[in-house]
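J.: Quick one, what's the 3D model for this:
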Amino acid sequence: PVSFMTIGISQKMYTPENLKLRESSSGDYPYSGELFLNFSRENQLGPRQRFRTELWLGTMGPPALTRQTQMLVHRILDREEPEGWNHQLPAYPVINYNLYFEPNLSSVGEHININGFLYTQTGSLLNTATAGIKLLISSARDDYYPERVYEPDEKKHHPGKVFLELIPAVQFVAYNSILQGGLFTQKNYYYIKEGDLERVVLKTNGMIGFQTGGFLIFYEQQISTREFKTVHAHNYGTIGISVKI
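T.: This next block holds a predicted model:
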């Protein structure tokens, strides 16, 4: 099968709702930041199946520089500055190995496709299993995976396209260091306790993107049910850019 290698960098941050508190707010999200490199290899098993392995390497805690990133963004946007980063979850290595499989299940004409997917995450940051479906609408014909920046068959290369994705899924959570802190650390800080963690989380993602050649830009909005018992549903957006080298 045809295979492709990708390298990316991700920075994630969580903060409580009240940014003025100088200490972590009991029952709310802890201050948490992560920075890691993402090495992945994707195999095109056929025109309608793909399989991907991922390796995340990085750190959480102060070395992830999420405090500096958020402070810079809030100053640029003239937003209130968060006061509680001194109480963020401590440094801990990020080593995660993830597996992803996505087959095309059905098509409606040439521009609408329905895919299924399975995704497992195992390691020091996240231990989860996720299953869901994707409803895909693309301006390109027979475009089963519109968010990728490569085209395995150059004859089908599209000079430019717009696409939409709607992705409902269910996630099973065994351990989440973003909320609970490092698995093997001494818990002398505020974190979400094991008994408060929600083991089943329902998610719905919506994505709109534009791709031309080896360049992709997209906006994704995610809504999920609560991740632990003392908070409400979670809603956030992401902007992403991918470039084929």
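J.: quick one, strands of the chain?
T.: 2-14, 32-46, 49-60, 92-108, 112-123, 126-138, 161-176, 200-212, 215-224, 234-243 (DSSP state E).
J.: Now tabulate the ones you listed in JSON lines and tack on mean pLDDT.
T.: Output for the strands of the chain, formatted as JSON lines (pLDDT from 0 to 100):
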{"stretch": "strand 2-14", "mean pLDDT": "89"}
{"stretch": "strand 32-46", "mean pLDDT": "93"}
{"stretch": "strand 49-60", "mean pLDDT": "96"}
{"stretch": "strand 92-108", "mean pLDDT": "97"}
{"stretch": "strand 112-123", "mean pLDDT": "97"}
{"stretch": "strand 126-138", "mean pLDDT": "97"}
{"stretch": "strand 161-176", "mean pLDDT": "97"}
{"stretch": "strand 200-212", "mean pLDDT": "95"}
{"stretch": "strand 215-224", "mean pLDDT": "93"}
{"stretch": "strand 234-243", "mean pLDDT": "85"}
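J.: what comes into contact with the longest helix that the chain contains?
T.: Longest helix of the chain, by residue count under DSSP state H: helix 66-76. Applying CB atoms under 8 Å, 6 or more residues apart in numbering, the set of residues contacting helix 66-76 from outside is 11-13, 15, 33-35, 79-82, 85, 88. (Glycine included, C-beta is placed from N, CA and C.)
J.: Of those residues, which is the most crowded?
T.: Highest neighbour count within the contacts of helix 66-76, by other CB atoms under 10 Å: residue 33, with 26 neighbours.
J.: Near the spatially closest residue to residue 242 that is not a sequence neighbour, how many other residues are there?
T.: Among residues not flanking residue 242 along the chain, residue 216 sits closest, at 4.3 Å (CB to CB, 6 or more residues apart in numbering). Residues lying near residue 216 (other CB under 10 Å) number 20.
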